[in-house]
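Q: give me a model of this one.
(8 chains)
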Number of protein chains: 8
Amino acid sequence: MSKVQVGIIMGSNSDLPVMKQAAEVLEELGVTFEVTIVSAHRTPERMVTYAQEARARGIKAIIAGAGGAAHLPGMVASMTSLPVIGVPVKSSNSIDGWDSVLSILQMPGGVPVATVALNGAKNAGILAAQIVGAYEEQIAQNLDTFKQEMKDKVLSAAADLEEKGYQAF
Amino acid sequence: MSKVQVGIIMGSNSDLPVMKQAAEVLEELGVTFEVTIVSAHRTPERMVTYAQEARARGIKAIIAGAGGAAHLPGMVASMTSLPVIGVPVKSSNSIDGWDSVLSILQMPGGVPVATVALNGAKNAGILAAQIVGAYEEQIAQNLDTFKQEMKDKVLSAAADLEEKGYQAF
Amino acid sequence: MSKVQVGIIMGSNSDLPVMKQAAEVLEELGVTFEVTIVSAHRTPERMVTYAQEARARGIKAIIAGAGGAAHLPGMVASMTSLPVIGVPVKSSNSIDGWDSVLSILQMPGGVPVATVALNGAKNAGILAAQIVGAYEEQIAQNLDTFKQEMKDKVLSAAADLEEKGYQAF
Amino acid sequence: MSKVQVGIIMGSNSDLPVMKQAAEVLEELGVTFEVTIVSAHRTPERMVTYAQEARARGIKAIIAGAGGAAHLPGMVASMTSLPVIGVPVKSSNSIDGWDSVLSILQMPGGVPVATVALNGAKNAGILAAQIVGAYEEQIAQNLDTFKQEMKDKVLSAAADLEEKGYQAF
Amino acid sequence: MSKVQVGIIMGSNSDLPVMKQAAEVLEELGVTFEVTIVSAHRTPERMVTYAQEARARGIKAIIAGAGGAAHLPGMVASMTSLPVIGVPVKSSNSIDGWDSVLSILQMPGGVPVATVALNGAKNAGILAAQIVGAYEEQIAQNLDTFKQEMKDKVLSAAADLEEKGYQAF
Amino acid sequence: MSKVQVGIIMGSNSDLPVMKQAAEVLEELGVTFEVTIVSAHRTPERMVTYAQEARARGIKAIIAGAGGAAHLPGMVASMTSLPVIGVPVKSSNSIDGWDSVLSILQMPGGVPVATVALNGAKNAGILAAQIVGAYEEQIAQNLDTFKQEMKDKVLSAAADLEEKGYQAF
Amino acid sequence: MSKVQVGIIMGSNSDLPVMKQAAEVLEELGVTFEVTIVSAHRTPERMVTYAQEARARGIKAIIAGAGGAAHLPGMVASMTSLPVIGVPVKSSNSIDGWDSVLSILQMPGGVPVATVALNGAKNAGILAAQIVGAYEEQIAQNLDTFKQEMKDKVLSAAADLEEKGYQAF
Amino acid sequence: MSKVQVGIIMGSNSDLPVMKQAAEVLEELGVTFEVTIVSAHRTPERMVTYAQEARARGIKAIIAGAGGAAHLPGMVASMTSLPVIGVPVKSSNSIDGWDSVLSILQMPGGVPVATVALNGAKNAGILAAQIVGAYEEQIAQNLDTFKQEMKDKVLSAAADLEEKGYQAF
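A: Modelled structure (predicted):
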C-alpha cells in the first residue's frame, strides 16, 4: 500500500531539477515517498510542523535539499529523531557549491545530517533506500539488483571499448 | 533608563570568549544590551520565541554568533524584521572558519544577515551601535569619540616608532 | 517627502546590473534612496567627500558594492559613523568572488562593514530597510508584508508541486 | 541480547581518539556495536570480506572513518547495500581536513556515503542510532531523551549566564 | 612485438575524452599500451583482478583516471608493486576538480600514487614513457626527440611573434 | 647623503615583527628608507597625505604592509604614480592569510600593487632595491653580491650534507 | 630613440590575448618595450640567456606571464637583479587560476616577483611604467595624465547615471 | 655494487627533516641513492647541470622536494627524460601547503612531474623504488615484503584493539 516511507523536501522549486533525481531513484527502487517544498527561511513554521510530525506519519528518513547558506537539513534534523539526508544544491547564488556543502555537512555535535555529494540527489535517494533496506528485505533485494545493473553497464562499456578501440570515441 | 537596545545571543557558552567582545564595546559606546544563549539546533523553540518577540521588546538589532554549520543568525533573521548581525565564530569543530563564514554570509534573497569578520564580535557591537546611532544622536557622538581615539592611538604609535626607530621593536 | 534615507554607491557602472537590485527592493519597501558611482581607486577624493557628508545629509545607511580587491565599503566605513553595508560583486576580474568577499568581510577591529552574500544587492537593500525599520514604523510594516509575500509564494509553489506531482517539472 | 547492530571501522589505530566517540555515544544510546581496524590500502582483502559479510551478520549500518585520501568509506559502500556513514578524520597527513572531506563526500552516482562533519564521529554514532531508531522504538525513545538532555544543558547554561552576567566568564 | 607496457584504465567511459590523450602520446612515443574501463565502485572485483595480475602480464606502469571522490588510482596502487599514475579528471560531478585532485594525491604513507595535473592525461602518458625509458634506450631517445620538437615549436612561435609584432595576434 | 629612497608603512605596530625585515634587507643593500605607521581605516587623512607627497619627497618606491581586509597598499597606489609594493601580513584576524593576499593582489585595472608572498617583507625590501638598482649602479652591484652570497650558502650547505650524510641531520 | 625599457615575455603564444594588454598600455604610456615567447619548461636555455642579458641590454623591468604551475617569472627573477613583474594567467589547464597565482606569488626569501592580479597584464604594464617613471620624469607625467583620464571617466559615468537614473541601465 | 639508482634533491637544508624519509625508505627497500641540495632559485646553474647529467650517471628517477612557489621539480623535469618525482613540502613560508602542491602538480602539457602528497617524502621513496622494481626483480620482491609488513601491522593492531576493547585506547 501507499504509506510514505521517505519525505523529500527542498527550499525552493528552483531546486527541483536536482532534487527530482531522488524521487526517480526511489521510484525505481520500490520505496514510497512524497515530494514538497518547505523553506527554512521563508516558511519556518511549516518546517517545524513537517519535522515534528514526520515520524508519527510513518516516515523512515527525510531527504532535504538546499543551496547557499543551506539551513533546511540541519534545522529539520534538530526537530526529529529520524535520519535526515542533506543534499547540497549548487544553486545560482552559491559560491561554486562550497557554502551549500559546508552549511549542511559541518553540523555541531548532537545533530547529524547525512550529507551526500554536491547535487547528489540521486545518491540521497539510494541512501534513503539503504536505510529502509536495512530492515525491509524486499528493498535490500532491489538494491542488490540495482548494484548488479550498474556493474553490468560498466562491463558492457569496457567490452565495447576494448572491441572498438579508444580511437573510436 | 535601562531598556535593552541590542540583543546578543550565541549557540553555546563556548562562544562566550569571542562574543563577550560585542558586549564590552557596546558598554563602552553607551548602548544597552542583554546577553544570553539560544541554540538553533538544541533549543529551536526558544530561538523562535526570541526572534519573534525581540522587536516588541524594543530591541533595535540582534547580534547572533555561531560556529561550524552556523544556522542561528539566519534562522533568527527569518523570523524578525529587525536587522540581524551575524558573527562567524571559529569554533573547535570548524574547518578554519570557512564553514562558519559561508553558512552565515551566503543567505538566500529575502533574508539578509549583516555578517562581520570571523570572530569579529567587537565589530558586531560597533555595527549595532552604528544602527542605533543612525537615529540616536548621543550614540553617534560616542562613535565619533571612539573613532577619534583609534586615530590617536595610531598617531601615537607612529610617533613612538619614528622616535625610537624600528630596531627598538 | 523625498529626503534620501539610503545611499547606494558602487565602484564602476559595470557593477550596476547587480547593484540595481538594491534600488529595486528599496523602492518596493518604500525607502528613499540615491544611486551613484564612487570609485575608491579612481576617485579617492570623491569617496572621502561622500563618506564624510552622508550623515549630515540625513542618510541612515550606505550600501557600497565592489569587486576584486574591493576597498570601497571598508574605506567609506572608515570615514563615517553610519552603518555601511558591503556587497561583494563577482566582477569579471574576480577569482570566483573570493577576493570580493574577503576584502569586504574581513575588516579590522574598529571598522565594521555589514557584509551580505556575493552579488547579494537585493539583501543589502532589505538590510538597509531593516535599519530604517528599526526606528520607522511604516517601513517595519512594509517589511512584514514583504516577508508574508515571500511565504505565500512558497506555500503556493508547494501546493502546485503537490497537486501536479514532481514529474510535471 | 548482544547481536551487533552497528560496525565501526577505521583505517588505522591513530584514528581511534576520534572514532571512539562514535562508540561512546552508541553505548549511551543503547545500540550494540563492534569496533575494529580495516585498512582500504593496507588490507584490501579484509575490507572486501568485512563489507560483503556485514549484512548477513545482522549489521544495520557501518561507520567508517579515515583521513587524507580516504577511500575506506566509499569502497565499503561499493560492496554492501547497507547504509555506510563516513567520518572524515583530520589526520596528521591531511591538508586541514579538505582531502578527507572531499574524498568521502563526493562519491559518484550510485554509491552514496552518508558523510558527517570533519572529526564528527559522535554525530556518526547518533546517525547510526537514528537509522536503527527508524525501526526500533526503544532506540527512538533513547534518542528523544538524548535530545531533551542537550536542550536542558543549553537552558541551564543560559540561566547561569543570565544570572551571573557575561563578565563572569 | 606487441606486449603491453602500460595499462590505461578509467572509472567510466565519460572519462575517455580526457584519458585518450594518454593513449595518443604513448602511441607517438612508441610505447605499447592497452585501454579499458575498470570502476572501483561499480566493479570492485574486476579492479582487484586487474591490479593483482598487471605485473605478471609484463606491464611496467598503470595509468588510472577518475573524477570526484576518485578511489581507482589509490585502490589499484594498494594491490600492486608497480608504479601507478593517477589522473584527476574534472568530471561533471566534481567541485572544480579539487575533490579529484585531493582524493588521488593525498595517499597515506606506504601507498604512493604518482599524481599529474587535473585532466593531465597527456602528461600521465609521458610519465609512463619516462618510466619505461629509464630502462629502455629506444623510448628514452623518443622522449628526447619529443622534447626537441616542443622546443622547436616554441622557437618558431617566438620568431613568428617577433616578426609580425604582437598587434597581429 | 641620507635622502630617503624607499618608504615603509604598515597599518599597525603589530605588523612590525614582519615588516622590519624589509628595513633590515634595505639596510644590508645600502638603500635609504624610512619606517612609519599609516592606517587606511584609522587615519585615512594621514594616508592621503603620505601617498600624495611621497614622490615630491624623492621617494622611489613605497612598501605597504597590512593584514585581513588589507586596503592600505591599494589605497596608497590610487594616489601616487610611484610603484607600490604590497606585503600581505598574516595578522591575528586573518583567515590563514587568504584575505590579506587577495585584498592586496586583486587590484582593478589601472591601479597595480606589486604583491609579494604572505609575510614576504624581506622580498618586498629586495624588490624595492631592484627598482632603485634598475637606475642606480651601486645598488645593482649590491644586489649581485647579495645573490652571490645566497648561492654560496646553498653550495656550502650542499657540501656539508654530502660530507656528513643525511643521517647526521 | 628606440632602446627597449621593458621586456614582455610569456610561456606560450596562447598567453598572448592576455599579455598583449601589457604592451598596449606601455605604448599608451610612452614606454618602449619588446614582446617575445620564452618557455621555462620547453626552452630553459633561452630563458637563462634572456634573464642574464636583459640588464646589459638596458632593460629596466621584465614582465613575465605564465599559467598553471607558472615557473617563468620566478626562474627569470633568480637570474637577474632587475625587478621582475609576474602575471598569473588563467590558462586552460589552470584550476581557476589558483595554481598560477600561488606559483608566482609565493617566492622564497631572496628572490621576489612583483605579482599582479590574475590576468592583470594591463596592471603589469602600468607597474613597469611606474618603475621607469620613478626615475624618468616624462613617464611620470604620462602616468599622471593616465590617472586623470581614469578619474574623468568615473565622474562622467557618475554624472550619466545620476542624470538618467538607475532604471535606464 | 653502489651505483646510484635514485637522486634525492631539495631546495634547502630546512627541507631535510621531511626529505630524509625518502632516503630512509629507499635504504629499507635496497635501492641505492644520493642526497644533496640544489636550489632552483639560488643555484640555477647547479640545477641545470644536475638535471642534464643524471641520466648518463645511471640514475633511474629523481626525487625533488621544495616548498612555497616550488619550481625545482618542474625545472628539473624540463631538462631530463628521466621520471621526476615531486614532493610538496609544507615549508614555513607556505600557505598551508597549497602553494607547494599546486606549483608542483599543475605542470603544463609535455613536462610531467609525478607528484606525491604534501610532505609525502616516504611515498616518493617508495614510488622511486616501484619504478626501479618495474625492471629489477629484487626490488619488486622487496616491495612485496614491505607491503606484507604493512598489512601485518594493521592485522596486529586490529587484533589488539578487538582483544582489549576501544576503551583501553
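Q: please make it C-alpha for all contacts and neighbour counts, starting now.
A: Fine.
Q: where does chain A dip in pLDDT?
A: A:1-2 (pLDDT under 70).
Q: hey, which helix is longest across it?
A: With secondary structure taken from DSSP state H, chain A has its longest helix at helix A:137-164.
Q: the most centrally placed residue in chain A sits in which helix or strand?
A: The residue lying closest to the centre of chain A (Cα atoms, centre = their mean) is residue A:124, at 2.5 Å. Using DSSP states H and E, residue A:124 falls within helix A:121-133.
Q: list the helices and strands that helix packs on?
A: Counting contacts by 3 or more Cα pairs under 8 Å, 6 or more residues apart in numbering or on different chains; DSSP states H and E, helix A:121-133 packs against helix A:16-29, strand A:61-67, strand A:84-89, helix A:137-164.
Q: could you give the angle of the longest helix of chain A to helix E:16-29?
A: Interaxial angle, helix A:137-164 versus helix E:16-29 (axes from the mean of the first three to the mean of the last three Cα atoms, to 10 degrees): 30 degrees.
Q: centre of the chain to helix A:137-164, how far?
A: Offset of helix A:137-164 from its chain centre (Cα atoms, centre = their mean, to the nearest Å): 22 Å.
Q: likewise for stretch A:68-83?
A: 13 Å.
Q: stretch A:108-117 too?
A: The answer for stretch A:108-117 is 13 Å, by Cα atoms, centre = their mean.
Q: list the contacts for the residue nearest to the centre of chain A?
A: Applying Cα atoms under 8 Å, 6 or more residues apart in numbering or on different chains, we find residue A:124 in contact with A:22, A:63, A:85-87, A:116, D:112.
Q: now for the residues you listed, which pair is the farthest apart?
A: A:63 and D:112 (13.2 Å; Cα to Cα).
Q: those two: who's more crowded?
A: Using other Cα atoms under 10 Å in any protein chain shown as the criterion, residue A:63 and residue D:112 rank with residue D:112 on top: 32 against 28.
Q: tell me the SS of the more buried one?
A: coil (DSSP: H, G, I helix; E, B strand; the rest coil).
Q: most tightly surrounded among the helices and strands packed on helix A:121-133?
A: Mean neighbours per residue, mean count of other Cα atoms under 10 Å in any protein chain shown, is largest over the helices and strands packed on helix A:121-133 for strand A:84-89, with a mean of 32.
Q: could you list the residues in contact with that one?
A: Contacts for strand A:84-89 (Cα under 8 Å, 6+ apart): A:15, A:18, A:61-68, A:70, A:73-74, A:76-77, A:97, A:100-101, A:104-105, A:112-121, A:124, A:128, D:114.
Q: C-terminal to that strand, what's the next element?
A: With elements assigned by DSSP H and E, the helix or strand that comes after strand A:84-89 is helix A:98-105.
Q: up against chain D, what does chain A have?
A: Where chain A comes near chain D, counting by Cα under 8 Å from any Cα of the partner chain, the residues are A:60-61, A:81-83, A:85, A:105-118, A:120, A:122-124, A:126-127, A:130-131, A:133-135, A:140, A:143-144, A:147, A:150.
Q: buried subset of these?
A: A:60-61, A:81-83, A:85, A:105-108, A:110-118, A:120, A:122-124, A:126-127, A:130-131, A:133-135, A:140, A:143-144, A:147, A:150 (16 or more other Cα atoms under 10 Å in any protein chain shown).
Q: in chain A, which residue sits closest to chain H?
A: Using Cα to the nearest Cα, the closest approach of chain A to chain H is made by residue A:98 at 17.4 Å.
Q: residues in contact with that residue?
A: Counted by Cα under 8 Å, 6+ apart, residue A:98 has contacts residue B:102.
Q: from the contacts of residue A:124, which is closest to residue C:165?
A: Distances from residue C:165 to the contacts of residue A:124, taken by Cα to Cα, are shortest for residue A:22, at 13.7 Å.
Q: and the helix holding residue A:124 with strand D:61-67, angle?
A: 130 degrees.
Q: so how far is residue C:17 from residue A:39?
A: 27 Å (Cα to Cα, to the nearest Å).
Q: that older thread, packing partners for the longest helix of chain A?
A: helix A:16-29, helix A:121-133, strand E:33-37.
Q: check the offset of the second one from the chain's centre.
A: Translated: helix A:121-133. With Cα atoms, centre = their mean, you get 7 Å for helix A:121-133.
Q: check stretch A:3-16 too.
A: From the chain centre to the centre of stretch A:3-16 is a distance of 9 Å (Cα atoms, centre = their mean).
Q: one more: stretch A:22-40?
A: On Cα atoms, centre = their mean, the centre of stretch A:22-40 falls 8 Å from the chain's centre.
Q: can you pull the residues of chain A lying near chain E?
A: A:96-97, A:118-119, A:147, A:150-151, A:154-155, A:157-158, A:161-162, A:165-167, A:169.
Q: swap in 10 Å and give it another go.
A: A:90, A:96-98, A:117-120, A:147-163, A:165-167, A:169 (Cα under 10 Å from any Cα of the partner chain).
Q: once you drop chain neighbours, what's closest to the residue in chain A that chain G sits nearest to?
A: For chain A and chain G, the shortest gap (Cα to the nearest Cα) falls at residue A:96, measuring 11.1 Å. Nearest residue to residue A:96 in three dimensions, chain neighbours excluded: residue A:90, at 6.7 Å (Cα to Cα, 6 or more residues apart in numbering or on different chains).
Q: that neighbour reaches residue A:101, doesn't it?
A: Yes: the criterion here is Cα atoms under 10 Å, and residue A:90 meets it with residue A:101 at 8.8 Å.
Q: which neighbours do these two share?
A: With contacts defined as Cα atoms under 10 Å, 6 or more residues apart in numbering or on different chains, the residues adjacent to both residue A:90 and residue A:101 are A:66-68, A:118-119.
Q: tell me the one of the residues you listed nearest residue H:10?
A: For the shared contacts of residue A:90 and residue A:101, the nearest to residue H:10 is residue A:118 (38.9 Å; Cα to Cα).
Q: need phi/psi at the closest one.
A: phi -50, psi 130 (degrees, to the nearest 10).
Q: please measure how far the first residue of stretch A:69-89 sits from its last one.
A: 10 Å.
Q: whoops, I mixed them up, stretch A:68-78
A: Start-to-end, stretch A:68-78 (Cα to Cα) is 19 Å.
Q: so who does residue A:59 touch?
A: Contacts of residue A:59 by Cα under 10 Å, 6+ apart are A:3-7, A:32-34, A:53, A:82-83, A:132, D:134.
Q: of all those residues, which two lie farthest apart?
A: Pairwise over the contacts of residue A:59, using Cα to Cα, the maximum falls at A:53 and A:132, 18.7 Å.
Q: before we move on, the earlier item: joint contacts of residue A:63 and residue D:112?
A: In contact with both residue A:63 and residue D:112: A:115, A:121, A:124-125, A:127-128, using Cα under 10 Å, 6+ apart.
Q: can I get those residues in a markdown table including distance to residue E:11?
A: Listed next are those as a markdown table, based on distance: Cα to Cα, whole Å:
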| residue | distance to residue E:11 |
| --- | --- |
| A:115 | 23 |
| A:121 | 21 |
| A:124 | 21 |
| A:125 | 22 |
| A:127 | 21 |
| A:128 | 25 |
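Q: quick revisit: can you list the helices and strands packed on helix A:137-164 in CSV and add distance to residue E:43?
A: Converted to CSV, the helices and strands packed on helix A:137-164 look like this (distance: least, Cα to Cα, whole Å):
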stretch, distance to residue E:43
helix A:16-29, 20
helix A:121-133, 18
strand E:33-37, 10
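Q: between these, which one is nearest to residue F:49?
A: Of the helices and strands packed on helix A:137-164, the one closest to residue F:49 (Cα to Cα) turns out to be helix A:16-29, at 55.3 Å.
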